[in-house]
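Undergrad: model the following, please.
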Amino acid sequence: MQNKEMQLSLITLFHTQGIGNKRLIKLISMFGDANLALKASDEAWKEAGIPPRFIATRHTLDQNKIALDIDFLKKPNCGLLSFIDASYPELLKQSADPPALIYFCGNLSILDKPQIAIVGTRHPTQEGIDNAYRFARNLALNGFVITSGLALGIDTIAHQAAVNEGLPTIAVLGTGINMIYPQSNRPLAKQILQNNGLIISEFHNGTPPIAENFPKRNRIIASLALGTLVVEAALRSGSLITARLSFEENREVFVIPGSINNLQVKGCHYLIKQGAKLVENVNEIIEEFMHWLPKGFILKVDDLDLKDQLPPKALQTKKIPDKKIKTLLKSEKSDLALDLKIDSKINTPKTFKETSDPALAEVLAALGADYITIDKLIETTKLESSFIAHALVMLELEGVIEYASGGGFRRCC
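TA: Alright, predicted model coming up:
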């Protein structure tokens with residue numbers, strides 16, 4: 001972890017206009033650290049490939065954003081991790097689009113522990129809740145750190161299962177760490193830290209919940225974990241994107257099957273057809289990663305014995321009355337309102353003309369009826385791989401492209 005002076009330099013670079021992940025990684029790698037990069041001349045920045053228009057405004061900074069991050073650094077057990085830091089997790093560093101900076105609070109050492117990501121719908125059935133709790137609990141008891149996104153539904157159940165056993169879990173946020181979302185999970189976030197867990201984010205403090213940021217953070221969840229377990233996911237689900245990103249990072253993807261009549265598991269069955277491993281008990285996941293566990297490892301819990309493994313009643317599903325839903329939707333700041341906005345973004349197909357971002361349209365224009373690999377897209381568009389990866393996630397959410405298990409993409413409308 002960097003010292004406070006170095007962290008201040010990292011924050012300053014991070015908030016410099018035009019310095020995204022790739023350029024920040026390039027600067028700190030080229031100059032050796034953030035201090036030297038910050039003190040380097042304009043000419044040196046030009047040699048590093050920074051466009052002149054951003055060099056001209058490099059000293060024009062948003063001091064309010066910087067002040068929020070400085071206040072964050074004063075909190076106990078909170079700090080910044082940079083791409084060149086020795087503590088930066090190796091699996092994430094090797095991924096296609098690693099974050100240049102990671103804001104964190106909690107026990108940083110668990111980033112190096114074997115992790116299993118557990119993801120799924122924000123509106124699970126009771127069966128989905130039971131399965132998520134049972135698998136998360138048993139994986140945590142058997143030495144794996146549960147990693148998820150602190151979202152409502154399956155994410156919450158997975159984190160809570162570990163916390164209830166006094167075991168660490170990692171929450172990857174799609175907001176700034178000081179803007180825990182959903183607000184109803186603030187007590188859970190506190191419990192995570194109290195149980196030697198970790199909360200991380202690539203977004204600066206003060207970043208509010210924005211629908212587009214949640215699929216972006218999913219690549220971090222997929223890259224940190226040895227494998228991803230999907231528990232209930234519809235055909236048009238953000239969880240399927242996390243699974244796809246896991247496939248692309250050569251990670252294992254596990255799926256719990258369900259009834260053919262349950263729309264909440266249609267996405268799970270699709271993933272199985274794409275090559276994901278169908279699992280019925282936690283042993284089938286542990287078997288894949290035995291070499292990551294201590295020698296002489298003995299399974300601590302019989303996964304087939306479900307007695308006393310079901311979640312507390314507080315975690316069981318409760319139907320929200322229609323009247324309350326209407327009241328909640330009146331406030332755009334409510335958790336449910338944003339959840340429905342994210343659902344809408346995932347479930348409502350858009351045509352090419354409705355794709356509002358010109359940059360996304362450029363990537364979409366390079367796609368046709370036949371599947372094209374990411375490497376071919378990079379070659380065709382001359383765009384950076386990190387941008388292509390982000391654009392594909394957003395276009396997939398908008399419903400205008402589809403992915404094949406072979407690694408290609410094509411337009412679907």
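Undergrad: from here on, just use CA atoms for contacts and neighbour counts.
TA: OK.
Undergrad: check Ala136 and give its pLDDT.
TA: Ala136 carries a pLDDT value of 97.
Undergrad: mind checking what helix or strand follows the helix or strand harbouring it in sequence?
TA: Using DSSP states H and E, Ala136 sits in helix 126-141. Counting by DSSP H and E, the next helix or strand C-terminal to helix 126-141 is strand 145-148.
Undergrad: would you mark the buried spots in the helix holding Ala136?
TA: Neighbour-count burial for helix 126-141, with 16 or more other C-alpha atoms under 10 Å as criterion, is recorded at 128-141.
Undergrad: same check on stretch 227-236?
TA: Of the residues in stretch 227-236, those buried (16+ other C-alpha under 10 Å) are 227-236.
Undergrad: how about the contacts made by the residue lying closest to Ile19 once chain neighbours are set aside?
TA: Residue nearest to Ile19 in three dimensions, not counting chain neighbours: Leu13, with 7.1 Å by C-alpha to C-alpha, 6 or more residues apart in numbering. Taking C-alpha atoms under 8 Å, 6 or more residues apart in numbering as the criterion, Leu13 is in contact with 19, 24, 34, 38.
Undergrad: pLDDT at Leu13, what is it?
TA: pLDDT, Leu13: 94.
Undergrad: equivalent analysis for Lys216, please.
TA: pLDDT, Lys216: 89.
Undergrad: does it count as helix, strand or coil?
TA: helix (DSSP: H, G, I helix; E, B strand; the rest coil).
Undergrad: give me every residue that touches it.
TA: 174, 390, 393.
Undergrad: among those, which are in strands?
TA: Among those, no member falls in strands (criterion: DSSP state E).
Undergrad: redo those residues as TSV? Include neighbour count.
TA: TSV is the format used below for the contacts of Lys216 (neighbours: other C-alpha atoms under 10 Å):
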residue	neighbour count
Gly174	28
His390	16
Val393	23
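Undergrad: quickly find the element holding Pro98.
TA: Counting by DSSP H and E, Pro98 is found in no helix or strand.
Undergrad: quick check: the closest residue in space to it that isn't next to it in sequence vs Leu240, distance?
TA: Nearest non-adjacent residue to Pro98, counting by C-alpha to C-alpha, 6+ apart: Leu92, 5.9 Å away. Applying C-alpha to C-alpha, to the nearest Å, the value for Leu92 to Leu240 is 19 Å.
Undergrad: and if you look at Asn138?
TA: When distance is defined by C-alpha to C-alpha, Asn138 is 23 Å away from Leu240.
Undergrad: I figured Leu245 hits Ile221, correct?
TA: No. Taking contacts as C-alpha atoms under 8 Å, Leu245 lies outside contact range of Ile221: 9.3 Å.
Undergrad: I appreciate the help and will end here.
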